[in-house]
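A.B. asks: Next one to model:
(2 chains)
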Amino acid sequence: MTLKECKTGMTVRVESIGDSLLKERLMTMGLIPGTTIKVLRSAPLGDPMAVGIRSYNLAMRRDDAEKIEVTQVG
Amino acid sequence: MEAAIMNDNIMRVALTGNPNTGKSTIFNEITGARQKIGNWPGVTVDKKEGHVTYGGKEIHVIDLPGTYSVNARSPEEKIVIDFLQEQKMDLVVDVIDSSNIERNLFLTVQLLEKGIPMVLDLNMQDEAKRRGVKIDIKKLEKILGYPVIVTVARDGSSIKNLLHVFTSISMESYGPTERLNEHIAKIQEIENSGLEGMELQEAIIKQRYAFIDSIMDEAVEVTNAGTSFTEKVDSVLANGVLALPLFLAILYGVFQITFEWIGQPIADALDDFIAGDFTDWVAGALEGAEVADWMQALILDGIIGGVGSVLVFVPLIFILFFCLSFLDGTGYMARVAFIMDPIMRRAGLSGKSVMPLMMGFGCGVPSIMGARALDNEKDRILSILAAPFLTCGAKLPIMALFAAMFFPEDATNVVFAMYIVGVVMAIVSTKLLTAAKYKDETATFLLELPPYRMPDMKTVLLETWDKGKGYLVKAGTIIFAGCIIIWFLGAFNFDGMVEEQSESFLASIGAVVGALFTFHGFGNWEAGAAVISGILAKESVVSTIGVLYGLPDVSAEAEDAIETAEALGATGMAAAFTSLSALAFMVFSQLYTPCVTALGTIKKETNSWKMMFFAAGYMFALAWVVSLIVYQVGRLLGFE
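C.D. replies: Numbers count the residues shown, from 1 in each chain, chains lettered A, B, ... in the order given. Got it, this is the predicted structure:
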């Protein structure tokens, strides 16, 4: 599944990141295969979404989250 | 010889680090007002430099742009790495947010790989403690081989300690450890492995985080401190349906503070002083010195009247920017970008444009400059071209005057409607430009949501000053010169000084421009002259109208609009406009070509004369069309 489909409260692990304009920036900011992500919330209109990684919070649009393959761990 | 001795005494320190680490707060606390903000050559990135004397030593500090890495993919990243590799600094301090050390170490490790010796400053210690992050400083020093110090950004003793470290540390006694060298060797191995492009980057980034993970395992202990304060606040302010009305309420509060509670009363007092005591005093002095009549008129009506009408906006603008800088300092503006992104995106902009555009209700210049914070060229240009449509502090008096004069029953609603016209046209224009130029571009949005913090007051005040000072400069330069020019044009023609203003240069020029508005209902020379002076500065529209209709000392202040309207109602102005043509004039004023200061800022920020002339012509044309539609449709509907 992709990060886009994840519901608030889910904890997932990154499997892979597809090619996108953001890929290098995402990885630089610590989102690499193996990283654990907690889905924190969505903006009032459902997009963008906020996630917690490596002890900080990051917001991204769902279209960008679609490029991130994850598996649920909790 | 002397220069060499001086250089020995000056110590050069560079601050580097991620965004949101309190790096700028440290810089502001160290240098205070002894700083200047300029530009890095060729790019629109702030260059912040300052100095301080400590222990008899002069220390020059440079605050490098906050970046997450130095891959040189953005101008900021390129500046940081070029600067650190080319300039010989006495000391480089890497400011790290202790509560978020894991990601912060990425930049640290990357810089250490490049052989840049650094002091690691674990900042925000108090916050880290609250969040259950414990860092073993000695271990960290031992792993990397470089000195580690601890600070709490706002705490005076921390700053003193930092200055002490600046002057006493000798970096020669530090160097990379075996372990760091092993990591660097691994990176070099990957670089030489034949991998290319994104695959190479991916492998390098993974190795870096593997190294960071091993540091985390040994030197950092994280105990779960339960739901953090930030999470609790965000569950209200950035979550669910309540977030949007709460944002509107906060926005409303900011405008109340600016235009009702604090800003306006100060502006009123200032206006009373300038128009009253100060003008009387100058008039007395001029009379006493037996200055020529025309010179007295120039100074009193032209300069004091004109410059004074601009100065009275200064409190409003500073209060607005103070509120926005304060909100930014708390971390709330990042949430605004988050919750507003879907809405802004439908308009063709990004959530990150909200903060710069909100400044546009004060003054377009910092609003245009604020677009620097946006991620890509498309968002930046669109935000820059949207800002001038908004009702800045200088357009407000035009709206207030015309509304009070021609719509006395509904003045407040008409002024509010003009704000809406500005916002709607900013959206329409952005849609037009997107369709014309950026149709196929996809924009991305990645935004850190930093923890909520109590903003550092020094930083808030310095930011307010930095954003608002342009307005003061404008009053002293362009408006000053403009007032003199308009006054001369209105007082002279080729035959010398004129009796009647309708024979002046200004009338001739105004008549040509006024002819453009024959079908708008305000094709008279007075309106034409007001339109011209509005390109100089929007503040000049009201004062020009006042001068032309024989009331030289009209107040350019929204608060006095009713009195001014009554006074002007007795002049030719009441007959020159109908309600409908007044409305058309207001719409035109709201939308047309921004003032020269804003145009200059567009040139500077886009580095393109073409863009500046495009903005000037495009906005004039758009305003002309919309205003024409308002007038002609209004007539068809039977309005007068």
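A.B. asks: how near is B:E172 to B:T442?
C.D. replies: 50 Å (C-beta to C-beta, to the nearest Å). (Each C-beta comes from the backbone N, C-alpha and C, glycine too.)
A.B. asks: Of the two, which one has the most company?
C.D. replies: A direct count of neighbours by other C-beta atoms under 10 Å in any protein chain shown for B:E172 and B:T442 places B:T442 higher, at 11 against 7.
A.B. asks: check contacts around that one.
C.D. replies: When contacts are counted by C-beta atoms under 8 Å, 6 or more residues apart in numbering or on different chains, B:T442 touches A:L21, A:D63.
A.B. asks: Low-confidence ranges, chain B, go.
C.D. replies: B:1-8, B:225-226, B:551-557 (pLDDT under 70).
A.B. asks: nearest spatial neighbour of the residue positioned nearest the centre of it, skipping sequence neighbours?
C.D. replies: Residue closest to the mean C-alpha point of chain B, counted by C-alpha atoms, centre = their mean, is B:P366 at 3.2 Å. Leaving aside its sequence neighbours, B:P366 sits nearest to B:K467 (C-beta to C-beta, 6 or more residues apart in numbering or on different chains; 4.1 Å).
A.B. asks: Which helix or strand contains that neighbour?
C.D. replies: In the assignment (DSSP states H and E), B:K467 maps to helix B:457-476.
A.B. asks: Next, the buried residues of that helix.
C.D. replies: B:459-468, B:470-471, B:474-475 (16 or more other C-beta atoms under 10 Å in any protein chain shown).
A.B. asks: what two of those have the greatest distance between them?
C.D. replies: Farthest-apart pair in the buried residues of helix B:457-476 is B:T459 and B:A475; separation 25.4 Å (C-beta to C-beta).
A.B. asks: how about stretch A:41-58 as CSV, C-alpha atoms only?
C.D. replies: Extracted in CSV, the C-alpha atoms of stretch A:41-58 (Å, rounded to 0.1, in the frame of the first residue of the first chain):
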residue,chain,number,x,y,z
ARG,A,41,-3.6,13.8,10.9
SER,A,42,-5.0,15.3,7.7
ALA,A,43,-5.7,19.0,7.0
PRO,A,44,-9.4,19.9,7.3
LEU,A,45,-10.0,19.2,3.7
GLY,A,46,-8.3,15.9,3.7
ASP,A,47,-5.0,17.0,2.1
PRO,A,48,-2.1,17.5,2.9
MET,A,49,-1.3,15.0,5.6
ALA,A,50,1.0,15.3,8.5
VAL,A,51,3.3,12.5,9.6
GLY,A,52,5.8,12.0,12.4
ILE,A,53,9.2,10.6,11.5
ARG,A,54,12.5,10.6,13.4
SER,A,55,11.1,12.7,16.2
TYR,A,56,9.7,15.6,14.1
ASN,A,57,6.6,16.3,12.1
LEU,A,58,6.4,16.7,8.4
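A.B. asks: A:K38: what's it in contact with?
C.D. replies: So A:K38 contacts A:M10, A:T11, A:V51, A:G52, A:I53 (C-beta under 8 Å, 6+ apart).
A.B. asks: please redo it, this time with the cut-off set to 7 Å
C.D. replies: A:T11, A:V51, A:G52 (C-beta atoms under 7 Å, 6 or more residues apart in numbering or on different chains).
A.B. asks: Which strand or helix spans it?
C.D. replies: Going by DSSP H and E, A:K38 is in strand A:36-42.
A.B. asks: which other helices and strands contact the next helix-or-strand element following that strand?
C.D. replies: Of the helices and strands lying after strand A:36-42 in sequence (DSSP H and E), the nearest is strand A:49-53. Helices and strands touching strand A:49-53, by 3 or more C-beta pairs under 7 Å, 6 or more residues apart in numbering or on different chains; DSSP states H and E, are strand A:36-42, strand A:56-60.
A.B. asks: could you dump those to a markdown table with mean pLDDT?
C.D. replies: Formatted as a markdown table, the helices and strands packed on strand A:49-53 follow (pLDDT from 0 to 100):
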| stretch | mean pLDDT |
| --- | --- |
| strand A:36-42 | 95 |
| strand A:56-60 | 96 |
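A.B. asks: tell me the most buried of these?
C.D. replies: strand A:56-60 (a mean of 24; mean count of other C-beta atoms under 10 Å in any protein chain shown).
A.B. asks: still on that earlier bit, kindly calculate the angle that the strand holding A:K38 makes with strand A:49-53.
C.D. replies: On the basis of axes from the mean of the first three to the mean of the last three C-alpha atoms, to 10 degrees, strand A:36-42 is oriented at 150 degrees to strand A:49-53.
A.B. asks: Direction included, what does strand A:36-42 pair against?
C.D. replies: strand A:11-17 (antiparallel), strand A:49-53 (antiparallel) (DSSP bridges).
A.B. asks: Would you mind extracting the C-alpha trace of the helix holding B:K467 into CSV?
C.D. replies: What follows is helix B:457-476, C-alpha atoms only, in CSV (Å, rounded to 0.1, in the frame of the first residue of the first chain):
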residue,chain,number,x,y,z
MET,B,457,11.0,38.7,21.4
LYS,B,458,14.2,40.1,20.1
THR,B,459,13.8,38.0,17.0
VAL,B,460,10.2,39.1,16.5
LEU,B,461,11.1,42.7,16.9
LEU,B,462,14.1,42.5,14.5
GLU,B,463,12.0,40.8,11.9
THR,B,464,9.2,43.4,12.3
TRP,B,465,11.8,46.1,11.8
ASP,B,466,13.3,44.4,8.8
LYS,B,467,10.0,44.0,7.1
GLY,B,468,8.6,47.4,8.0
LYS,B,469,11.7,49.6,7.5
GLY,B,470,11.2,49.7,3.7
TYR,B,471,8.1,51.7,4.3
LEU,B,472,10.0,54.3,6.3
VAL,B,473,12.6,54.5,3.6
LYS,B,474,9.9,54.9,1.0
ALA,B,475,8.4,57.8,3.0
GLY,B,476,11.8,59.5,3.0
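A.B. asks: can you list the residues of the stretch 1-150 of chain B near chain A?
C.D. replies: B:Y68, B:S69, B:N71, B:R73, B:S99, B:N100, B:E102, B:R103, B:F106 (C-beta under 7 Å from any C-beta of the partner chain).
A.B. asks: Quick one: neighbours of the residue nearest to the fourth one when sequence neighbours are not counted, just the number.
C.D. replies: If the residues on either side of it in the chain are set aside, B:R73 comes closest to A:E24, at 6.8 Å by C-beta to C-beta, 6+ apart. Here the neighbour count serves as a burial measure; for A:E24 (other C-beta under 10 Å) it reads 17.
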